[in-house]
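>>> Kindly return the folded structure for what I paste below:
(one chain, ligands or ions: 1)
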Amino acid sequence: MSNQFFNVAVVGATGAVGQQIVRLLEERDFPIKTLKLLSSARSAGKKVLFKGSEVTVEEATPDSFADVDIALFSAGGDISKALAPHAVRHGAVCIDNTNAYRMDPDTPLIVPEVNAHRIADHKGIIANPNCSTIQMVAALKPLQDRYGIDRIIVSTYQAVSGAGNQAIEELKRQSQAVLAGEDVQPDILPVGALPIKHQIAFNAIPQIDKFQDNGYTLEEMKMVRETKKIMEDDSIKVTTTCVRIPVVYGHSESVYVELKQDADLSDVKQLLQDAPGITLVDDPSNQSYPLATEAAGQNDVFVGRVRCDLDNPRAFNMWIVSDNLLKGAAWNAVQIAEIIAAKTAVNS
Ligand SMILES: NC(=O)c1ccc[n+]([C@@H]2O[C@H](COP(=O)([O-])OP(=O)(O)OC[C@H]3O[C@@H](n4cnc5c(N)ncnc54)[C@H](OP(=O)(O)O)[C@@H]3O)[C@@H](O)[C@H]2O)c1
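Numbering: from 1, shown residues only. As a prediction, this is how the structure comes out:
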């Protein structure tokens, strides 16, 4: 890879995340020589408009990656496991949105605002963290740098788009059925691959992904493990409860963070205000705080309701909201691609 323009492939281009990646590549005017849009055989042949030209979606195969410089994967972990090694073999750098490589010790797990310096460690694959983890660590990084972090207790309120396009359709379908007084037929949530389903419309489901032997769900364990890896501190204590709610776009999180030193509330707010990629929305007198409806479609992470624990001067509560398809997935991946492109352009 030595050009200033790149052959780019998007694997899962027709999905909730992939569609946002393609939109961002266009909006950011990413230096693209050729663009390949890949999916399963189901969507092969579909046309997608990119910069005024139609691109035909192709089925992803091991041979799809000849001459590809940068491949962005969001087609599920099994597809990344099957195809990313072929992309690497062809010389591509892969940016993977799935869970397949996140905890692999040879794969950097990157949130650019937190650990961009680790991108250079890659051996062909760079992992994009879980959506709920990205927005939390992006907000907590300035506090870690200034005070150190001892413990994080987080409860999430996650949008259905986190489970893909089919879950968005399920929420819309069920909501219409409930309002029409009809029976609701749950099909997808909480976990597509499990036989028992629950209604999401007008409900809250305290299960995201499969249960693990320790009683936590996989989503909860992703937040625990990935936070330590990205923040490069295994001593941070993290405990989580992840809940799916009937919101289409934007994950919200109630985060309790205990720092290693006493901290002043105004200093904590100032650090958040100055942090890259963070917008502080915190004016209770005007009922101003982050809302999923306002974060949807935005690249930033929004933080508000920042307050000190009344019994512990080292601990703070805050409300962190971000668009799970953007900073939680597509935007974080495109940010990484932009860093790789800029570095390649400088070195060529
Ligand atoms: N949604 C989020 O907020 C979010 C955030 C972070 C990470 N992720 C991860 O990103 C991945 C995709 O999520 P999503 O929400 O975009 O799901 P989605 O809306 O269901 O889209 C899945 C995409 O994968 C493609 N695909 C499925 N099977 C394939 C196969 N055998 N070969 C090639 N492509 C195949 C689909 O193509 P067809 O059109 O042909 O079916 C579609 O483009 C998941 O691993 C998810 O965990 C999602």
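>>> Within the helices and strands, which one has Ile79?
Ile79 belongs to helix 77-89 when assigned by DSSP states H and E.
>>> all strands for the chain, in order.
For the chain, the strands defined by DSSP state E occupy 6-11, 32-39, 47-50, 53-56, 58-59, 70-73, 93-96, 125-127, 149-158, 237-244, 251-259, 278-280, 301-309, 312-322.
>>> Throw the ones you listed into JSON lines and include mean neighbour count, thanks.
Yep, even glycine has a C-beta here, placed from its N, CA and C like the rest. Shown next, in JSON lines, are those (neighbours: other CB atoms under 10 Å):
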{"stretch": "strand 6-11", "mean neighbour count": "26"}
{"stretch": "strand 32-39", "mean neighbour count": "20"}
{"stretch": "strand 47-50", "mean neighbour count": "14"}
{"stretch": "strand 53-56", "mean neighbour count": "12"}
{"stretch": "strand 58-59", "mean neighbour count": "16"}
{"stretch": "strand 70-73", "mean neighbour count": "29"}
{"stretch": "strand 93-96", "mean neighbour count": "26"}
{"stretch": "strand 125-127", "mean neighbour count": "25"}
{"stretch": "strand 149-158", "mean neighbour count": "20"}
{"stretch": "strand 237-244", "mean neighbour count": "20"}
{"stretch": "strand 251-259", "mean neighbour count": "21"}
{"stretch": "strand 278-280", "mean neighbour count": "20"}
{"stretch": "strand 301-309", "mean neighbour count": "21"}
{"stretch": "strand 312-322", "mean neighbour count": "22"}
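>>> counting contacts, what elements does the helix holding Ile79 pack onto?
strand 6-11, strand 70-73, strand 93-96 (3 or more CB pairs under 8 Å, 6 or more residues apart in numbering; DSSP states H and E).
>>> Can you list the strands that the first one pairs with?
Using DSSP bridges, strand 6-11 pairs in its sheet with strand 32-39 (parallel), strand 70-73 (parallel).
>>> Need these in CSV (columns: distance to Asn115).
CSV is the format used below for the strands paired with strand 6-11 (distance: least, CB to CB, whole Å):
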stretch, distance to Asn115
strand 32-39, 26
strand 70-73, 19
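>>> just to revisit the earlier point, the strands of the chain into a markdown table, with extra columns for distance to the ligand?
Listed next are those as a markdown table, based on distance: least, CB to the nearest ligand atom, whole Å:
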| stretch | distance to the ligand |
| --- | --- |
| strand 6-11 | 6 |
| strand 32-39 | 4 |
| strand 47-50 | 11 |
| strand 53-56 | 13 |
| strand 58-59 | 7 |
| strand 70-73 | 8 |
| strand 93-96 | 9 |
| strand 125-127 | 10 |
| strand 149-158 | 9 |
| strand 237-244 | 12 |
| strand 251-259 | 8 |
| strand 278-280 | 19 |
| strand 301-309 | 14 |
| strand 312-322 | 10 |
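>>> Would you reformat those as JSON lines and include mean pLDDT?
JSON lines is the format used below for those (pLDDT from 0 to 100):
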{"stretch": "strand 6-11", "mean pLDDT": "98"}
{"stretch": "strand 32-39", "mean pLDDT": "98"}
{"stretch": "strand 47-50", "mean pLDDT": "98"}
{"stretch": "strand 53-56", "mean pLDDT": "98"}
{"stretch": "strand 58-59", "mean pLDDT": "98"}
{"stretch": "strand 70-73", "mean pLDDT": "98"}
{"stretch": "strand 93-96", "mean pLDDT": "98"}
{"stretch": "strand 125-127", "mean pLDDT": "98"}
{"stretch": "strand 149-158", "mean pLDDT": "99"}
{"stretch": "strand 237-244", "mean pLDDT": "98"}
{"stretch": "strand 251-259", "mean pLDDT": "99"}
{"stretch": "strand 278-280", "mean pLDDT": "98"}
{"stretch": "strand 301-309", "mean pLDDT": "98"}
{"stretch": "strand 312-322", "mean pLDDT": "98"}
